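*Asks:* sequence and predicted structure, then a few things I'm wondering about:
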Amino acid sequence: QLSERTRSSATLFRYDMSNMIDSVTLAGGELQYQNFPSVTAEGLELALNHRRASGLRLDGSLNVQNVENQNGTRFDNSPAWYAKGAVSYPFANLMAAGELRVIGRRDSVWLDGVLRTLPTEPILDMTLTQSGVWKSMSAQLRLTNVFDRKSFVAASTDTLSPLIPTSPRTLWLTLRYETY
C-alpha cells in the first residue's frame, strides 16, 4: 500500500504445465488430439489502484510474460504483454466508466502452416450506469469497442478459419431488477 488511497502490487509467476491436449494434423490431413509434452510460462504482473475522495477511481495493470513450449519457442497465440487501464467517476445517480485493454502482438500458426501475426490491439469500452431507476432497478448503457477497431483472435485448429473477428462497436442497454 503506497498510501491510504493508493495500492500497488507486483507478482512474479512461473507455471509448468504438462500433458496438455493439442490438435495435430497428421500427414494424411486428419486431425488428431495428442498430449503436448510441456509448456512453461514466466512473467511479472504489476497493478496500481488509486481512489480519490471525490469518488474518482483509477486502476491499471500490466502483465509481461514469456510462454514457451518444450523446444524453447514461444507458445502459439501468446502475447508477450497485456495491459488494462480503467477510470470511473460517480456523479448524481450515475457512474461513468471507461476501460482500455491492450493485447500485445502475437503469432499464430493454423492448419495451413502459415504464420499469422496479430497486431497489438487496443480496445476501449465505455459505460454509464444509473442505480435506483425505479425501486430496485438499475440501468446501464454500454458502448463496447468505441472506435470500432477490426481485431481478431487466433482460432483453434478445430475451426474452419484461422482467425475469428471480435465484436464490432456495439451499444448495449441493460435493465436489472433485483428482488430481496
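*Replies:* Good, I have the coordinates.
*Asks:* chain neighbours aside, what residue packs nearest to residue 121?
*Replies:* In this structure, residue 121 finds its nearest non-sequential neighbour in residue 151, 4.4 Å apart by C-beta to C-beta, 6 or more residues apart in numbering. For every residue, glycine as well, the C-beta is placed using N, CA and C.
*Asks:* who touches that neighbour in this structure?
*Replies:* 118, 121, 123, 165, 166 (C-beta atoms under 8 Å, 6 or more residues apart in numbering).
*Asks:* check which strands are paired with the worst-scoring helix or strand of the chain on mean pLDDT and give the direction for each one.
*Replies:* Counting by mean pLDDT, DSSP states H and E, the chain has its least confident helix or strand at strand 152-154, which shows a mean of 83. Looking at strand 152-154 with DSSP bridges, its partner strands are strand 163-165 (antiparallel).
*Asks:* where does the residue of the chain most remote from its centre sit: helix, strand or coil?
*Replies:* If you look at how far each residue of the chain sits from its centre, by C-alpha atoms, centre = their mean, the farthest one is residue 28, at 36.1 Å. Following DSSP: H, G, I helix; E, B strand; the rest coil, we place residue 28 in the coil state.
*Asks:* do a quick rundown of the strands in the protein.
*Replies:* Secondary structure of the chain (DSSP state E): strands located at 6-25, 31-51, 57-69, 81-91, 94-103, 106-109, 115-118, 121-134, 137-144, 152-154, 163-165, 170-177.
*Asks:* show me what the longest one is in contact with.
*Replies:* For strand 31-51, the surrounding residues in contact (C-beta under 8 Å, 6+ apart) are 5-26, 57-70, 75, 111, 157-158.
*Asks:* buried set for that strand?
*Replies:* By neighbour count with 16 or more other C-beta atoms under 10 Å, strand 31-51 contains the buried residues 36, 39, 40, 43, 48, 49, 50.
*Asks:* now residue 95. Nearest residue, chain neighbours left out?
*Replies:* That would be residue 129: by C-beta to C-beta, 6+ apart, it lies 4.6 Å from residue 95.
*Asks:* partners of the one you found in the sheet?
*Replies:* residue 95, residue 140.
*Asks:* same deal with residue 106?
*Replies:* Beta-bridge partners for residue 106, by DSSP bridges, are residue 118.
*Asks:* and residue 171, what pLDDT?
*Replies:* As predicted, residue 171 sits at a pLDDT of 96.
*Asks:* ok, the nearest residue to it once chain neighbours are set aside to residue 104 distance?
*Replies:* Leaving aside its chain neighbours, residue 171 sits nearest to residue 143 (5.4 Å; criterion: C-beta to C-beta, 6+ apart). Taking C-beta to C-beta, to the nearest Å as the measure, residue 143 falls 24 Å from residue 104.
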